[in-house]
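A.B. asks: Give me the fold of what follows.
(2 chains)
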Amino acid sequence: MKLDPRTKMVMVICLSCLALIYSTPGRLLLVLAATIVLLLIFRFDPSTVWGYLKPFLSLMLMLFIIQCIFSPGGKVLLSIGPVPLITYNGLLVGSSIILRIIVVIAAALLLTTFSSRDFVLGLVQWKVPYELAFMVFIALRFLPVFREEMINVITAIQLRGIELKKVPWGQKLTIYRQLFFPLIYGMMQKAQQLAMAMENRGFRAYPQRTYLRRLNFILADYVVMLLSSAATLMLIFLQIT
Amino acid sequence: MTYLELRQVAFYYPRKMKPALTGINLKFEKEEITAITGPNGCGKTTLTKLMIGVLRATEGEIYLAGSPLTNYSLGEIGRRIGYVFQKPDLQLFCSTVAEEVGFGLNNRGYDPETVKEKIKFYLDYFELTGYQNAFPLNLSQGEKERLAIAAVLANEPEFLILDEPTIGLDAFRKKLLENYLKKIARLGRGMILISHDESFVNRLAERVVIMADGRIQGCNERKESACYEA
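C.D. replies: Numbering: from 1, shown residues only, chains lettered A, B, ... in the order given. Okay, here's the model as predicted:
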């Protein structure tokens, strides 16, 4: 299905809002199902979602454990003496948090079904200042670069003969703490170089920008945008009341 | 004795139909200096990344000291093989130049005095003493290259893989590096050089492997058993 990038952006906002407003696993599962259906409609292979979720697994597990322990209530499932450790309520809250993260990430993948150029163009045609739109685009572009940089550093450390898996936690933390500043500084240097390269190519040299292409809404875009916004507003209203 | 061996190795990058490497059969001895040359994009760097376990071969097997490479962790490979990346920025991650040289030794439990001595020696040798407190990423390209080489050599690995080590080095420093590599080769440490620098390769390498389009095109060898056909 060929829809305007802006329509997809609206759909992502709607799905993310629903993921934030719902707090029960059942409803969040429904939102997730809807997201997967949309990914299928836009010919995004849902099996690749796992690849995008993998880097967040440790964060999700940590949040799950924290929520399980610190959200008491309901039947006690596990306790240490008189202290309840895992409760029914804690499990529900923990799983809701995980589902929420999965929905937000899966919904954001809808944004990858069109080019970054269209993303900027879409924002600009929504009257978002070009500089701001370009900044969002660059931020999105830099996230994988940052991830890659982290992977490179970890590989380089191991290639210096250090078994990161076998290093005691205390030493591991010291190594990571040492790396933090150089990594951030390196990224800032890259950002500075990028800014220079952009200015060299005339970024913001003229107040008026022109575009070769224009994005145009078709009837399907209006219908999808209207339906998804109306449905989201209604569901939020029902949830609040 | 064969130290590193590749048997029928092929590699495909994800979502690519064409193999980056195919039918690679190579043997490297521990005391030998081999150069790998070929045009840009022919798979030289991919080949070395397979040899150090950063990438996994899609087909075929790689053996390090007689055992499959998959039996080793990245850390174990790193202790045996020193790898200098094509882009030195990728392997510099410490806050100062001195820390960078001593990082591996410090974290592998060497006593501080030995680490200090080694840092001093390598900084002197590669003329980096004046920059010992500088931030590595602020150095010039040539200085970064020298630092990356110094940091790898400080670990004293059994074997070295240097990907374009002469990029950014002036003639004098190229000569210094050449002398040092000759010196460590005399100590029985082998190495693989990836380089376009013909004169550097000719002065150092005992064997030159020529690659093109992901395949071995030929071997200019002095040792008969070193290179065999797919």
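A.B. asks: gap between B:Val115 and B:Asp89?
C.D. replies: Plainly put, B:Val115 is 24 Å away from B:Asp89 if you go by Cβ to Cβ, to the nearest Å. Glycine gets a C-beta too; all of them are placed from N, C-alpha and C.
A.B. asks: now B:Gly41
C.D. replies: 20 Å.
A.B. asks: of these two, who's got more company?
C.D. replies: Remark: of B:Gly41 and B:Asp89, B:Asp89 carries more neighbours, 18 against 12, as counted by other Cβ atoms under 10 Å in any protein chain shown.
A.B. asks: surely that one meets B:Leu137?
C.D. replies: Yes - counting by Cβ atoms under 8 Å, B:Asp89 touches B:Leu137, with 6.4 Å between them.
A.B. asks: Quick check, central residue of chain A?
C.D. replies: Compute the mean C-alpha point of chain A, and by Cα atoms, centre = their mean the closest residue is A:Ile105, 4.4 Å away.
A.B. asks: swap in chain B?
C.D. replies: Centroid-nearest residue in chain B, with Cα atoms, centre = their mean: B:Ile161, separated by 1.6 Å.
A.B. asks: name the helices or strands packed onto the worst-scoring helix or strand of chain B on mean pLDDT?
C.D. replies: Least confident helix or strand of chain B, by mean pLDDT, DSSP states H and E, is helix B:171-186 with a mean of 84. Helix B:171-186 sits against helix B:141-154, strand B:159-163, strand B:190-194, helix B:198-204, with contacts defined as 3 or more Cβ pairs under 8 Å, 6 or more residues apart in numbering or on different chains; DSSP states H and E.
A.B. asks: Chain A: which of these is closest?
C.D. replies: helix B:141-154 (7.2 Å; Cβ to the nearest Cβ).
A.B. asks: In terms of secondary structure, what does the closest one contact?
C.D. replies: Packing contacts for helix B:141-154, counted by 3+ Cβ pairs under 8 Å, 6+ apart, involve strand B:81-84, helix B:97-107, helix B:112-125, strand B:159-163, helix B:171-186.
A.B. asks: thinking again about what came up before, what sits in contact with each of B:Asp89 and B:Leu137?
C.D. replies: Residues touching both B:Asp89 and B:Leu137 (Cβ atoms under 8 Å, 6 or more residues apart in numbering or on different chains): A:Gly186, B:Lys144.
A.B. asks: Let me see the ranges of the strands in chain A.
C.D. replies: Secondary structure of chain A (DSSP state E): strands located at A:76-80, A:83-87.
A.B. asks: Out of those, which one sits most buried?
C.D. replies: Here the criterion is mean neighbour count by mean count of other Cβ atoms under 10 Å in any protein chain shown, and of those the winner is strand A:83-87, at a mean of 15.
A.B. asks: quick one: contacts of that one?
C.D. replies: Contacting residues not belonging to strand A:83-87 are listed as A:Cys68, A:Ile69, A:Ser71, A:Pro72, A:Gly73, A:Gly74, A:Lys75, A:Val76, A:Leu77, A:Leu78, A:Ser79 [Cβ under 8 Å, 6+ apart].
A.B. asks: let's go with 6 Å and repeat that
C.D. replies: Identification of contacts with strand A:83-87 by Cβ atoms under 6 Å, 6 or more residues apart in numbering or on different chains yields A:Cys68, A:Pro72, A:Gly73, A:Gly74, A:Val76, A:Leu77, A:Leu78, A:Ser79.
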